[in-house]
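Chemist: Provided below are the primary sequence and the corresponding predicted coordinates.
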Amino acid sequence: MKYSTRKLVLTAMLACLSFVLCTFVYFPSMAPFQHFVDVIAAVLLGPWYACAAAFLCGVLRMLSGRTIQAVVGAVFGPIVGGLLYEKTHSVWMAAVGEVFGTGILGALTAYPLMKAFYGLDAQEWYYYIPFYTPSAVMGALMGVAVVLMLKRTGVLDRMQHELAR
């Protein structure tokens, strides 16, 4: 497998951007800027580099005091969103993938981990879905807005072309 230096650098930059935005722009129980960056990363980098950026940001957030949800909730959205974008080349499908991957898959995965590691006393397996989904929707919509602006100005095509080299 050939790794692109440009993609690795952009992955690190997006992980850092997400971490900074999630740290300083905080909403209770929500991290919409993680999903914002996930959509941009899925479109620019594809599912695996986008997942790496989300994982790096999640680890940084865990190191700064967050729970395991910072990693678990973040990694499924960019994978599903990136795969859907690769298949359809639709920014909207990348957003749908982000919302489904994070809002459903991430939430369902977080429940048993939070119960095992942190003693969560909630009895329902769908406990985190109402918390993850609104955040994913808001962040994905912000990501779509930025990607559409980049597309309209032609910057998105140039960035994708440079990253493909």
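Modeler: Looks like it came in fine. Numbers count the residues shown, from 1 in each chain.

Chemist: for the rest of this, base every contact and every neighbour count on C-alpha atoms.
Modeler: Will do.

Chemist: residues near residue 117, how many?
Modeler: Look at residue 117: counted by other C-alpha atoms under 10 Å, it has 10 neighbours.

Chemist: which elements pack onto the one helix or strand residue 139 maps to?
Modeler: Using DSSP states H and E, residue 139 sits within helix 129-153. Here helix 129-153 touches helix 32-45, helix 91-100, helix 107-118, helix 155-164, going by 3 or more C-alpha pairs under 8 Å, 6 or more residues apart in numbering; DSSP states H and E.

Chemist: any idea which of those scores lowest on pLDDT?
Modeler: Mean pLDDT is lowest for helix 107-118 out of the helices and strands packed on helix 129-153, coming in at a mean of 84.

Chemist: center of the protein - which residue?
Modeler: Nearest to the mean C-alpha position of the chain, by C-alpha atoms, centre = their mean, lies residue 38 at 3.1 Å.

Chemist: coming back round to it: now the helices and strands packed on helix 129-153 as JSON lines including distance to residue 73?
Modeler: What follows is the helices and strands packed on helix 129-153, written out as JSON lines (distance: least, C-alpha to C-alpha, whole Å):
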{"stretch": "helix 32-45", "distance to residue 73": "10"}
{"stretch": "helix 91-100", "distance to residue 73": "11"}
{"stretch": "helix 107-118", "distance to residue 73": "6"}
{"stretch": "helix 155-164", "distance to residue 73": "27"}
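
Chemist: between those, which one is closest to residue 139.
Modeler: Across the helices and strands packed on helix 129-153, residue 139 has its closest neighbour in helix 32-45 (4.2 Å, C-alpha to C-alpha).

Chemist: and the closest one, how far out from the chain middle?
Modeler: The chain centroid and the centroid of helix 32-45 are separated by 5 Å under C-alpha atoms, centre = their mean, to the nearest Å.

Chemist: what packs against that helix?
Modeler: In terms of contacts (3+ C-alpha pairs under 8 Å, 6+ apart), helix 32-45 is packed against helix 5-24, helix 47-63, helix 69-88, helix 91-100, helix 129-153, helix 155-164.

Chemist: among those, which comes closest to residue 115?
Modeler: Smallest distance to residue 115 across the helices and strands packed on helix 32-45 (C-alpha to C-alpha): 11.4 Å, for helix 69-88.

Chemist: all set now, cheers.
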